[in-house]
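Enquirer: sequence plus the predicted model coming up.
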Amino acid sequence: MENQSYAVATQTIAFATFMVAILRLLPTLQRALKLAKLPSSGSNPSGENQRAYFLKYTRKLYRDGYRKLKNSAFRMVASDEIDYVVVSPRFLRELKSLPDDVLSVNKGVEKLLESHYTSQRIDLPVMIKTIKTDLTPALGRLNDGISEEIDISLERFLPSSEDCTSVVVYKMVAEIVAQVSGRVFVGPELCRNPEYIEHSINFTRELMDAANAIKRMSPWMRPFRAGRLPELQRLRSRRERVSEFLRPIIQERNQAGSKPDDMMQWVMGRDTSADFDTLVSGHLLLTFGAIHTTTAMVTNAMFTLAVAKEYISPLREEIRSVLASNDGRLTPRALQQMVKLDSFMKEVNRWYPHTVVTFRRYVQKPITLSNGQYIPAGVIIEAPSDAINFDPDIHTDPHTFDGSRFYKRGQSADPGKISRSQFVATNEEDVSFGLGRHACPGRFFAANEIKIILARLILDYDVAMPEGLTERYSNIEFEKNMVPDATKMLIFKRVQGEKL
Ligand code: HEM
């Protein structure tokens, strides 16, 4: 009798567990059924496991899918457990205006960074507001400080003599960018501190290492094992050191009446109730968004200039003449007049973007596109920015590198459309900086900083490949990211008599 009731109890528990599992899986199953109705970017003909296949051919898979299916939304089976739906320019106009409770940028980034485990806070609207309303309008008065910081940091790498110097470009540029951005983020004393520069450069890498280590772990194991990952422990320790580094500065600013002219202070002024954790998290979010994106862009431009020397003379000429007509100062107006440099930067960014997708949004409520396709909640949509950049219907002869492409386009455009050819432009056919309300708010600062660094390097130095090398260094592709090789060197030689 006792055995019988034990058996019944066991069966009931097993059935209940089964039902709970079914109920929990139901939304996933429903989503899978709805998703199956969307076309797929293509099967995996190699027989390799899907993860390996995706990692090997990511860029190609997006380009092939876009070429075949650019008039519809399509599924992309990637290397993680997330369902992705790729949307082309045709749908971006209708999607970009949807509110955040339908398409969430934060949830998309939280998934990318595995915020639940890495503890990186994303939802910090004060940072975006401060970039837009304080940083961008302040560029005019910040540029002299930015130029000063570039001079100071360049001296560490490039001697003022006319000898040739071999430099690991990414390392040099990362230090310049960390210091220059730091000047604007936390002021001149801190930004020159080697510890600050080291945190700025390494935080992003450690955050991505931790997020990727978590993604490699089975979702079922994460709640139990993720905390023990060495990558996550390294990230925690980095965050603690950054907190301790920033603590006295934040305390001092809370107590003293002084008001430095920098991001940290603007954020504190804009949100007077912001606690210590918010300020540190905000600073780290800024570091994540700003340092390696800008560094990659400048490094890519230098790698290209070292082999495409025909651009050096016209760019130098433009920089010289703009300086001459602006009393030798790199004001935002002067930088805006550097249209050939702007075009060159935009073409470099088209060819060597840091990611193959932008406009990543988590779908919180289902959407029906104008062509009738249904996108269920729970997936991430992405714009295939790299594939769009090489679409022959958008760019003539897209596989030819033409540094003057956007200059020529700007010259021949109607006055109302000239801005579409600028480096900072965003529209449905140009999503390198994303699109809509959440398009990169830091792009005006980035363009400003990149132009000042490049103007300085182009005017003052001749740049060349090391002896025996003639080909541009290839970028390294991993998953959806593409980065310049951080180990590669170029030769810099001071141009006689030049000084910016
Ligand atoms: C060449 C350099 C840069 C590139 C290529 C770049 C690219 C991007 C892209 C593609 C997005 C996503 C936009 C979207 O999904 O619609 C983004 C967002 C963002 N970027 Fe940048 N970025 C750069 C520099 C910067 C800098 C210097 C800052 C800070 C001063 C910054 C701060 C941000 C922030 C805070 C967001 C999130 C915006 C939001 O969620 O509303 N970025 N960036």
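Expert: Everything's here; your move.

Enquirer: tell me the secondary structure at the residue nearest the centre of the chain.
Expert: Among the residues of the chain, the one closest to the centroid is T293, at 5.0 Å (Cα atoms, centre = their mean). T293 falls in the helix class when you classify it by DSSP: H, G, I helix; E, B strand; the rest coil.

Enquirer: who are the contact partners of it?
Expert: By Cβ atoms under 8 Å, 6 or more residues apart in numbering, the contact list for T293 reads 354, 446. All C-beta atoms are positioned from the backbone trio N, CA, C, and that covers glycine.

Enquirer: how far away is it from the ligand?
Expert: Going from T293 to the ligand by Cβ to the nearest ligand atom, to the nearest Å gives 3 Å.

Enquirer: just name the shakiest helix or strand of this structure by mean pLDDT.
Expert: Using mean pLDDT, DSSP states H and E, helix 2-35 stands out as the lowest-scoring helix or strand of the chain, at a mean of 74.

Enquirer: what comes up buried for that helix?
Expert: Residues of helix 2-35 classed as buried under the neighbour-count rule (16 or more other Cβ atoms under 10 Å) are 31, 34-35.

Enquirer: burial of E244, as a residue count?
Expert: Other residues lying near E244 total 10 when counted by other Cβ atoms under 10 Å.

Enquirer: how far away is it from D261?
Expert: 25 Å (Cβ to Cβ, to the nearest Å).

Enquirer: now swap in P314 and tell me
Expert: 36 Å.

Enquirer: cool, E240 as well?
Expert: Taking Cβ to Cβ as the criterion, E240 is separated from D261 by 29 Å.

Enquirer: repeat that for V180.
Expert: Separation of V180 from D261 (Cβ to Cβ): 15 Å.

Enquirer: who's more crowded, these two?
Expert: Between V180 and D261, counted using other Cβ under 10 Å, V180 has the larger neighbour count: 25 against 13.

Enquirer: helix/strand/coil for the spatially closest residue to C191 that is not a sequence neighbour?
Expert: What sits nearest to C191 in space, not counting adjacent residues and going by Cβ to Cβ, 6 or more residues apart in numbering, is G182, at 3.0 Å. Under three-state DSSP, G182 falls in the helix class.

Enquirer: okay, now G182: neighbour count?
Expert: Around G182 there are 26 other residues, counting by other Cβ under 10 Å.

Enquirer: let me see the contact set for T133.
Expert: Applying Cβ under 8 Å, 6+ apart, one finds that T133 lies in contact with R270.

Enquirer: any idea of the pLDDT on it?
Expert: On the pLDDT scale, T133 is placed at 97.

Enquirer: so what does it have for phi and psi?
Expert: When read as degrees, to the nearest 10, the backbone of T133 gives phi -100, psi -20.

Enquirer: cool, and F74?
Expert: In this entry, F74 is assigned phi and psi values of phi -140, psi 160 (degrees, to the nearest 10).

Enquirer: I'd assumed P39 was in contact with it.
Expert: Yes: judged on Cβ atoms under 8 Å, F74 makes contact with P39 at a distance of 4.8 Å.

Enquirer: the two: which is more packed in?
Expert: Neighbour count, other Cβ under 10 Å: between F74 and P39, F74 has more, with 22 against 13.

Enquirer: how near is that one to the ligand?
Expert: From F74 across to the ligand, the span is 19 Å (Cβ to the nearest ligand atom).

Enquirer: same deal with Y461?
Expert: Distance of Y461 to the ligand, given as Cβ to the nearest ligand atom: 21 Å.

Enquirer: that residue pairs with what?
Expert: For Y461, the beta-bridge assignment (DSSP bridges) gives partners R494.
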